[in-house]
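Student: Output the structure for:
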Amino acid sequence: MLHHVSVGVRDVERAAQFYDAVLGALGYKRVMEFLPYGIGYGIEHPQFWVQLPHNQQVATAGNGVHISFIARTAAAVDAFHAKAIEFGGQDAGAPGPRPDYSPEYYGGFVIDLDGNKLEATVLPEPVEAPAPKAVAKKAAKKAAPKAAKKPAPAKKAAPAKPAKKAAPAKKAVKAAPAKKAAKPAAKPVAKKAAKKVAPKAAAKPAKKVAPKAVKKPVPAKKAKGKKGKK
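Tutor: Next up is the predicted model:
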């Protein structure tokens, strides 16, 4: 929910000596600093800042405000509380169970050098379930030996049967001689038809020309013989 929180202090260098020891007992460290203005604590990125107020006024603690840090074990809570007292802090509640908060609640309270109220509370680190892919891979590895079967010995290949001799090719059947082509009947028929048609098509005989009248030869007159004298 929260990205980070910060508390105001009057002297960043002095506050840093206290917080290095107290937060170090919980596994936190400096991850960013802008000296002499502020220092950020956390694991990978700054989540808790101690700094000079931005309005450059004297830092004051809020009444009713306190900040709780996660501790992974009850022993870490005890160390947190002890370090705070060692480095000048005040006890605000000894480490121990708080059944009125919850049945498993364990915490401890202190006041820092500038009057800010702090707490450390046990919150066991959650056990993350393995990712589905990782579970699938493990299951596959376990299943693999069972599933693996011994390779069956390869069967000896049966000797190949000798190829059958190819049947001799049948002799080609001689093609029947082609029948003599019938004489084209069209031409003789055409000739006969022409002959038959010819008389019909012949022109009518020309009119007989009357022969010119031949003059009958005049019979020659018999020559009168001279009568001989007897």
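Student: now do the same end-to-end measure for stretch 29-46.
Tutor: Stretch 29-46 stretches 9 Å from its first residue to its last (C-alpha to C-alpha, to the nearest Å).
Student: who touches it?
Tutor: 4, 6, 12-13, 15-16, 19-20, 23, 27-28, 47-52 (C-beta atoms under 8 Å, 6 or more residues apart in numbering). For the C-beta atoms, the positions are set from N, CA and C on the backbone; glycine is no exception.
Student: Buried only: go through those residues for me.
Tutor: 6, 12, 15-16, 19-20, 23, 28, 47-52 (16 or more other C-beta atoms under 10 Å).
Student: Please flag which of those sit within helices.
Tutor: 12, 15, 16, 19, 20, 23 (DSSP state H).
Student: Distance to residue 87 and pLDDT added to these, as a markdown table?
Tutor: Compiled in a markdown table, these are given as follows (distance: C-beta to C-beta, whole Å; pLDDT from 0 to 100):
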| residue | distance to residue 87 | pLDDT |
| --- | --- | --- |
| 12 | 15 | 97 |
| 15 | 10 | 97 |
| 16 | 11 | 97 |
| 19 | 9 | 98 |
| 20 | 9 | 98 |
| 23 | 11 | 98 |
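Student: farthest pair in these?
Tutor: Based on C-beta to C-beta, the longest span within these runs between 12 and 23 and measures 14.6 Å.
Student: The strand ranked longest in the chain pairs with which strands, parallel or anti?
Tutor: In the chain, with assignment by DSSP state E, the single longest strand is strand 90-97. Neighbouring strands of strand 90-97 in its sheet, by DSSP bridges, are strand 106-111 (antiparallel).
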